[in-house]
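Novice: Could you look at this predicted model? Sequence included:
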Amino acid sequence: MRAAEQWARIEAGLEDGWDEVLLSFAPEGSVDDAAAALGPLQPGRVGNELRLQVTRAGGGPERLQNILRRLDHRRIWGTLSLVSVKGGAEPAPVEPISEPRASLVSAWDAAVAELPPDWSDLLCELELDSSDHLARAALLGAPLNPTRNLDAVALRFRVSGKQGYGASPLMVRRCFERMDAEGITGTIRVLYELSDTENAVTQGPVWRLAGRSV
């Protein structure tokens, strides 16, 4: 569950008389990245958690909500929980809801299932949930000859359905199995797809993105 949604659940459980809350945010990835995103709230660090003090006066809850949305936009996931509350009766702690993340293998299978039966060439992208996984994902996906998308925490790779340049669908699946085994999560997208291509004195089609051949 996104951090902004977690705060909405916590706030809904507070009684009307609350004045100030102390929250804890435990990021799944880099604590430093989370601290930078939460910087306007001046978080304090306790081990691998960040503590946030929010007052109700002066639009504190709305400011917190806006900053948490920025955190979600940067795909910095974690668990937000209530530590203490001042004013009003202290409610029972809200248990965080963890939504199971689909495995990369199942996401890949679903993406392939949506392709036309005569597909021949794909340009795909794996956007990772955490920058901490980037180097390891690139290593485990080395047979795909991935390239880095510098505008996101993402790797791009080509897939060939029959011949030419690009990894086979089975090799792609095997690489994602290795990533799943190490807890690497992300989103798989098919950026471009071609059907029934034939190679004539080439290794396959060439896509051009931002003036560069891929």
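Specialist: Looks like it arrived, so ask away. Small disclaimer: the values here were computed from a predicted structure and weren't measured. Residues are numbered from 1 along each chain as shown.

Novice: where are the low-confidence patches of this protein?
Specialist: By pLDDT under 70, the low-scoring segments of the chain are 88-101, 163-164, 196-214.

Novice: Give me the residue at the spatial middle of it.
Specialist: Note on the chain: the residue nearest the mean C-alpha position is Asp129, at 2.5 Å, using C-alpha atoms, centre = their mean.

Novice: That residue contacts Thr185, correct?
Specialist: Yes. Shown here, Asp129 and Thr185 form a contact pair, counting by C-beta atoms under 8 Å, at 4.7 Å. Heads up, the C-betas are built off the backbone N, CA and C, glycines and all.

Novice: tell me which residues in the helix or strand where Arg51 lies are buried?
Specialist: Element membership for Arg51 (DSSP states H and E) is strand 49-55. Neighbour-count burial for strand 49-55 flags Glu49, Leu50, Leu52, Gln53, Val54, Thr55 (criterion: 16 or more other C-beta atoms under 10 Å).

Novice: Figure out how far that strand is from the centre of its chain.
Specialist: 23 Å (C-alpha atoms, centre = their mean, to the nearest Å).

Novice: Contacts for that strand, please.
Specialist: Strand 49-55 has contacts (C-beta atoms under 8 Å, 6 or more residues apart in numbering) with 19-27, 31, 34-35, 38, 41, 43-45, 60-61, 64, 83.

Novice: Helices of the protein, residue ranges please.
Specialist: For the chain, the helices defined by DSSP state H occupy 3-13, 31-37, 60-73, 104-113, 134-140, 169-181.
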